[in-house]
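In: sequence first, then the predicted structure, then my questions.
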Amino acid sequence: MATLPANASGRTPEVVPLSVGQTGNGVSTNVADRGPSHKGGIVRITTVVGGTPTCTYLIEVSADGVVWTPATYADIATPNVYSTSTFVITTAGVVQKIVKQPTPWRYVRVTYSANTAVTNTTELLYDDTQTPPWS
């Protein structure tokens, strides 16, 4: 697992790959390090599915990269409805979750479980030049 810096590098929005074509169960291939900004971001999950697809997702954050807790997030369509629980995807498509900032965090990852016939490409997106929808 690699920890990738998610620092403003002149690209806006910044996109950090957490998983590219990942199958099976376990944590995302990469962890994003937001540095000291702790401004949240958007986790975008793109799925490709086979027969009888299902996958359970847990977005996790950490202040130190060692102790992980469920992130507070909201669906992009309902940005003021918060959750920290897992969610399930059973179709091909794109799902976006806004990772909130109720407590300081620096690192973010996604854990996949109960995965049957789902291939995940997951990214952390953010734009430090704009007022974020997660503030």
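Out: Okay, I see it. Numbers count the residues shown, from 1 in each chain.

In: low-confidence stretches in the protein?
Out: Residue ranges of the chain with pLDDT under 70: 1-13, 37-39, 102, 127-135.

In: ok, residue 89 - contacts?
Out: 45, 47, 53, 54, 55, 57, 95, 118 (CB atoms under 8 Å, 6 or more residues apart in numbering). Quick note: C-beta positions are derived from backbone N, CA and C, even for glycine.

In: I'd say the third one and residue 91 touch.
Out: This points to residue 53. Yes - counting by CB atoms under 8 Å, residue 53 touches residue 91, with 7.1 Å between them.

In: next one: phi and psi at residue 35?
Out: phi 70, psi -160 (degrees, to the nearest 10).

In: quick one, strands of this protein?
Out: Per DSSP state E, the chain carries strands over the ranges 2-5, 14-22, 26-27, 30-33, 41-62, 69-70, 73-75, 82-83, 87-89, 93-99, 107-126.

In: next, count neighbours for residue 54.
Out: By other CB atoms under 10 Å, 14 other residues sit near residue 54.

In: separation between it and residue 14?
Out: Distance, residue 54 to residue 14, using CB to CB, to the nearest Å: 31 Å.

In: give me the common contacts of residue 53 and residue 91.
Out: Counting by CB under 8 Å, 6+ apart, the contacts common to residue 53 and residue 91 are residue 47.

In: between these two, which has more neighbouring residues?
Out: More neighbours surround residue 53 than the other of residue 53 and residue 91, with 17 against 10 (other CB under 10 Å).

In: quick one, what contacts that one?
Out: Taking CB under 8 Å, 6+ apart as the test, what residue 53 contacts is 47, 89, 90, 91, 92, 116, 117, 118.

In: excluding sequence neighbours, find me the nearest residue to the fourth one.
Out: Right, the one you point to is residue 91. Among residues not flanking residue 91 along the chain, residue 49 sits closest, at 6.5 Å (CB to CB, 6 or more residues apart in numbering).
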